[in-house]
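Q: Build the 3D model from these lines:
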Amino acid sequence: MRAPRTLRTALVATGVTAVLAVSAAGAFAVEAPATAPATSAGHHSKAQRVHVKTVKLADKVSRAKVYRTGESRYEAEIWAKGTRYGTLYTQGMPTHAQHNGLHVTLRPNGKVTSWVERAEPKPEPAVQRVLVATPTLADGVTTAKVYRLALDHYEADVLADGVRIDTLVANGRTAYGESNGLHVALKPDGQVSSWVDETASPESTAPRPGSTEPAA
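A: Below you'll find the predicted structure:
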């Protein structure tokens, strides 16, 4: 493992942490002001370090151990699960570092602030619809276009006169639809069944020959 180096107003990787996956050869990306006072590497090592506080960082895992080394001079060791993997130095000006969305700032008064970037949601992969069948339904006019999306996942567009009036989605369970007395069922295996409600015909309601109408 490469021996850690001390950098002015920088964060130096000194170990490995499984939580933030920082290697000994790499470290936080550090943003240090160009006008920050130059300080020799030996200056920090000889200064008397007084531990002033330990700060829990925004990722809920990492900690910053803050030490005072002089007037407006502080150091913050970044720890996670008992392993130190970096140190921030500041002398008169803030020092900022970030890695994997965790941002840490050490100010000349010893105050440590941190925040975590919100991860952008990953777009869901587009699902390809594959047309597998176009059955005519029970009314003899309406049709269904059946598409396969995945195992036990089918969709059926129900069309009347070429116009889509409904879409059934069977994802692991049967889907049902109804329009004007036409019932349609789409099963998870892509099978379609349909039926029409029975309606009374005019002949069934007409009076039979020889029968008498009830008096009004």
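
Q: helix/strand/coil for the closest residue to residue 54 other than its chain neighbours?
A: In space, and not counting its chain neighbours, residue 54 is closest to residue 65: 5.1 Å by CB to CB, 6 or more residues apart in numbering. Every C-beta, even on glycine, is put in place using the N, C-alpha and C of the backbone. Here residue 65 is strand, with the state taken from DSSP: H, G, I helix; E, B strand; the rest coil.

Q: Tell me which residues touch residue 65, please.
A: 51, 54, 76-77, 79 (CB atoms under 8 Å, 6 or more residues apart in numbering).

Q: would you turn these into CSV with neighbour count, pLDDT and distance to residue 120?
A: Shown next, in CSV, are these (neighbours: other CB atoms under 10 Å; pLDDT from 0 to 100; distance: CB to CB, whole Å):
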residue, neighbour count, pLDDT, distance to residue 120
51, 11, 95, 38
54, 13, 95, 32
76, 29, 93, 29
77, 19, 92, 31
79, 19, 88, 28
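
Q: From the residues you listed, which land in strands?
A: 51, 54, 76-77, 79 (DSSP state E).

Q: what ranges do the helices span in this protein?
A: Applying DSSP state H to the chain gives helices spanning 41-46, 202-205.

Q: Lowest mean pLDDT across the ones you listed, which one is that?
A: Mean pLDDT per stretch puts helix 202-205 lowest among the helices of the chain, at a mean of 42.

Q: Report the beta-bridge partners for residue 78.
A: Counting by DSSP bridges, residue 78 forms beta bridges with residue 64, residue 86.

Q: what's the neighbour count on it?
A: Per other CB atoms under 10 Å, the neighbour tally for residue 78 reads 32.

Q: Next, the contact list for it, please.
A: Residue 78 makes contact with 11, 28, 57, 62-64, 84-88, 104, according to CB under 8 Å, 6+ apart.

Q: Please apply the same query to residue 156.
A: 144-147, 167-168, 170, 175, 184, 186, 192.

Q: for residue 108, same thing?
A: Each residue near residue 108 by CB under 8 Å, 6+ apart is listed here: 72-74, 90-94.

Q: biggest separation within those, which pair?
A: Maximum pairwise distance in the contacts of residue 108, criterion CB to CB, is 12.6 Å, between 73 and 94.

Q: Run a quick neighbour tally on residue 138.
A: 15.

Q: For PyMOL, what selects the buried ones among the contacts of residue 156?
A: Selection of buried members from the contacts of residue 156 for PyMOL, criterion 16 or more other CB atoms under 10 Å:
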select buried, resi 144+145+146+147+168+170+175+184+186+192
